[in-house]
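[1] predicted coordinates and the sequence they were generated for:
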Amino acid sequence: QDVKGPQTIAFNLPNDERIVNERGTSMVMLKNISEAKFKNILKPIANACIREEQKEYVDFEPYYTHIVCHECCHGIGPHSITLPGGKKSTVRMELQECHSALEEAKADIVGLWALNFLINKGLLPKSLSKSMYVSFLAGCFRSIRFGLEEAHGKGQALQFNWLYDKGAFILHSDGKFSIDFTKVEEAVESLGREIMTIQAKGDKPAAQSLLQSRATLTQPLRVALEKIEHMQVPVDIAPIFGTASKLLANN
Ligand SMILES: [Zn+2]
């Protein structure tokens, strides 16, 4: 079913820093929903927007493993910080309305960094080392369709534009995109460092200026969105909760 979204595929709760500190976080992943999204949304988007020679890299495994890493990176932080002068605070309280978009971007980009780290440690297969970046690029176009008002869309635009400006994403004259594998690793690391430094300092002016300068609908993003617009790919899917419906019907 086509809905506006975003429909959750994973959650890492609670969000309250006090409870996180006392009890930790718990993560839930919804694999069947992820598979439906991949097949019905990400694949068609990739077909329209990714260059022929890199299309084969768009794959469910790196896509799904990246979602796991994304959720883990939310849990890792930084959450609680100490401001200059010794005052204790949280990233959420300091960054206020900038927090959600920046936190989503952090989870994505550090999640991507973490995948690469795990591959280099031999804990994930080498086969993911290219497919993770191409699948991520296709995923950028998916999330930006949620709109730049929404935290995931805004966070994704920031990442897309940062990586594009660093030469890691290339737009070709045929309107399709590819990854420059020689540049992407460093570009990912530099954005992760930028965001987490802002968070660790609780630096709201820096957060604002980063979002204002990069989380915008730039020309290359417009090219991609226009392509997808013409294809009638759903923005998101809605799950049918079989057990719950049966229980309700029996009552
Ligand atoms: Zn998230």
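    Here it is on my side, so go on.

[2] how close does the residue of the stretch 151-251 of the chain found nearest the ion get to residue 85?
    Relative to the ion, the nearest point of the stretch 151-251 of the chain is residue 152 (6.9 Å; CB to the ion). Where C-beta positions appear, they are placed from N, C-alpha and C, glycine not excepted. Shown here: residue 152 relative to residue 85, a distance of 34 Å by CB to CB, to the nearest Å.

[3] the two: who's more crowded?
    Neighbours were counted for residue 152 and for residue 85 using other CB atoms under 10 Å; residue 152 has more, 20 against 5.

[4] can you tell me the helix or strand for that one?
    Assigned by DSSP states H and E, residue 152 belongs to helix 151-165.

[5] may I see the buried residues of that helix?
    151-164 (16 or more other CB atoms under 10 Å).

[6] stretch 192-211 too?
    For stretch 192-211, by 16+ other CB under 10 Å, it's 192, 194-196, 198-199, 201-203, 206-208, 210-211.

[7] these: which two are farthest apart?
    For the buried residues of stretch 192-211, the maximum inter-member distance is 19.2 Å, found between 192 and 208 (CB to CB).

[8] which elements pack onto the host helix or strand of residue 133?
    Assigned by DSSP H and E, residue 133 falls within helix 128-144. Applying 3 or more CB pairs under 8 Å, 6 or more residues apart in numbering; DSSP states H and E, one finds that helix 128-144 contacts helix 43-49, helix 52-55, helix 60-76, helix 99-120, helix 151-165, strand 177-179, helix 219-229.

[9] residue 44 is in contact with residue 142, correct?
    No - counting by CB atoms under 8 Å, residue 142 stays clear of residue 44, with 9.9 Å between them.
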